[in-house]
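> below is the structure, and that's it, no one-letter string:
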């Protein structure tokens, strides 16, 4: 695992990199970790779902999650349960032949009344909406939606909700939300 710490205006943001998932958090002026977000793509999406939706592995310290193209897969000793899950933005392509799009719909339904959103890449596969694509529009939608979602639920930033909703107005994506 690699660690990168960025300090801006006295606030540190620590970025931890693991091939499976990404964890973001801020330190307040006393050095206490706060406002933790988790995100990952493919197996990282599965890991993020495990950390936030599965009773085997749920970490209550996570305040927001953005799993991308995560498959529905069982974890030993646990069940998927949306009760108590953090606000979650699921990002998935509806033409994903590795992690079926129906898995994203299942996860979305499991979240129940948790604040949630589902960004669907219309015609998007498993890799190209995220990395290695010449389609800057798809990558931009992914990046902008994730940043706005984390800004909304980790930083409680004014205007973040509107930025997230604006992503849903772009071509080749659909955004379903229940953010209340």
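Ah, there it is. From a predicted model like this one, the values you see are computed outputs, not experimental measurements.
> the longest strand seen in the chain pairs with which strands?
Longest strand of the chain, by residue count under DSSP state E: strand 33-41. Strand pairing for strand 33-41, determined by DSSP bridges: strand 22-27 (antiparallel), strand 62-68 (parallel).
> mean pLDDT for those strands: which is lowest?
Across those, strand 22-27 has the smallest mean pLDDT, namely a mean of 57.
> just the buried positions in stretch 131-145, please.
In terms of neighbour count (16 or more other C-beta atoms under 10 Å), stretch 131-145 has its buried residues at 138, 139, 141, 142, 144, 145. All C-beta spots, glycine's among them, are computed from the backbone N, C-alpha and C.
> which strands or helices does the helix or strand hosting the fifth one pack on?
Going back to what we said before, that points to residue 144. For residue 144, the enclosing helix or strand under DSSP states H and E is helix 136-153. With contacts defined as 3 or more C-beta pairs under 8 Å, 6 or more residues apart in numbering; DSSP states H and E, the packing partners of helix 136-153 are strand 33-41, strand 62-68, strand 88-93, strand 116-121, helix 160-167, strand 173-178.
> and the fourth one, how far out from the chain's middle?
The reference is to strand 116-121. 10 Å (C-alpha atoms, centre = their mean, to the nearest Å).
> and the angle for that strand with strand 62-68?
Angle of strand 116-121 versus strand 62-68, following axes from the mean of the first three to the mean of the last three C-alpha atoms, to 10 degrees, is 20 degrees.
> mind listing what strand 116-121 pairs with, with the direction of each?
strand 88-93 (parallel), strand 173-178 (antiparallel).
> touching it from outside, list them.
With contacts defined as C-beta atoms under 8 Å, 6 or more residues apart in numbering, strand 116-121 is touched by 87-94, 101, 104-105, 108, 129, 138, 141-142, 145, 149, 164, 167-168, 172-179.
> switch the cut-off to 7 Å
Residues outside strand 116-121 that contact it (C-beta atoms under 7 Å, 6 or more residues apart in numbering) are 87-94, 104, 108, 129, 138, 141, 145, 149, 164, 167, 172-179.
> isn't residue 93 right up against residue 122?
No: Residue 93 lies out of contact with residue 122 (C-beta atoms under 7 Å); the separation is 8.1 Å.
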